[in-house]
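In: Just need the structure, nothing else, for what follows:
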Amino acid sequence: MAVKGALLAIDLGDRRTGVAVADTDSGAIMPVEVLDIPRGPRLDAAVAALIEAHAPAALVVGLPLNMDGTEGPRARDTRQWALAIGHRAGIEVHLHDERLTSFEAEDRMRGTSRREKKQRSDALAACVLLESFLDAR
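Out: All right, here's what the predicted structure looks like:
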């Protein structure tokens, strides 16, 4: 299924959530920000504001599968959260395997200061998630 327009990727975490955006027409993928907000109503409001600001055609939310490909409690929680956010925003949601995206982001930031890694790695992981999602299409 081809998705046209902007995509907003969310790498959901317990304390920090990475966000990236892609333009499917140009193929450009850019980190947006890291939301340093724990899961809960404040995070939901921040994500809703980003959806409004970027007006994406769809969301891509990283699904934290187990290494054997099965879904555990964390994946089920993420699925429920993503579908609820999508429903409230009236936007299509694509769940995409996020295994190893954080490791890929860390690898790309080799040589970067620890402070900068902490500030940017989650948004870069969301970029890796988008690349993987678009490559799979």
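In: C-alpha only now, for contacts and for neighbours.
Out: Fine.
In: Would you map the helices across the protein?
Out: 41-54, 73-89, 101-108, 114-136 (DSSP state H).
In: Any idea which of the ones you listed has the lowest pLDDT on average?
Out: Of all the helices of the chain, mean pLDDT reaches its minimum on helix 101-108 (a mean of 59).
In: which ones are touching the residue nearest to A123 when sequence neighbours are not counted?
Out: Once flanking residues are discounted, A123 sits nearest to G18: 3.9 Å by Cα to Cα, 6 or more residues apart in numbering. Contacts for G18 (Cα atoms under 8 Å, 6 or more residues apart in numbering) come out as 9-12, 32-35, 121-126.
In: partners of G18 in the sheet?
Out: Counting by DSSP bridges, G18 is bridged to D11, V34.
In: Against A46, how distant is it?
Out: Per Cα to Cα, to the nearest Å, G18 is found 12 Å from A46.
In: Only the buried residues of stretch 34-41, if you could.
Out: Judged by neighbour count (16 or more other Cα atoms under 10 Å), stretch 34-41 contains these buried residues: V34, L35, I37.
In: Ramachandran coordinates for the last one?
Out: Translated: I37. Here is the backbone geometry of I37 (degrees, to the nearest 10): phi -140, psi 130.
In: How about I91?
Out: phi -130, psi 150.
In: can you count the residues close to the spatially closest residue to it that is not a sequence neighbour?
Out: Among residues not flanking I91 along the chain, A58 sits closest, at 5.8 Å (Cα to Cα, 6+ apart). Other residues lying near A58 total 20 when counted by other Cα atoms under 10 Å.
In: Report the separation between A58 and L130.
Out: 12 Å.
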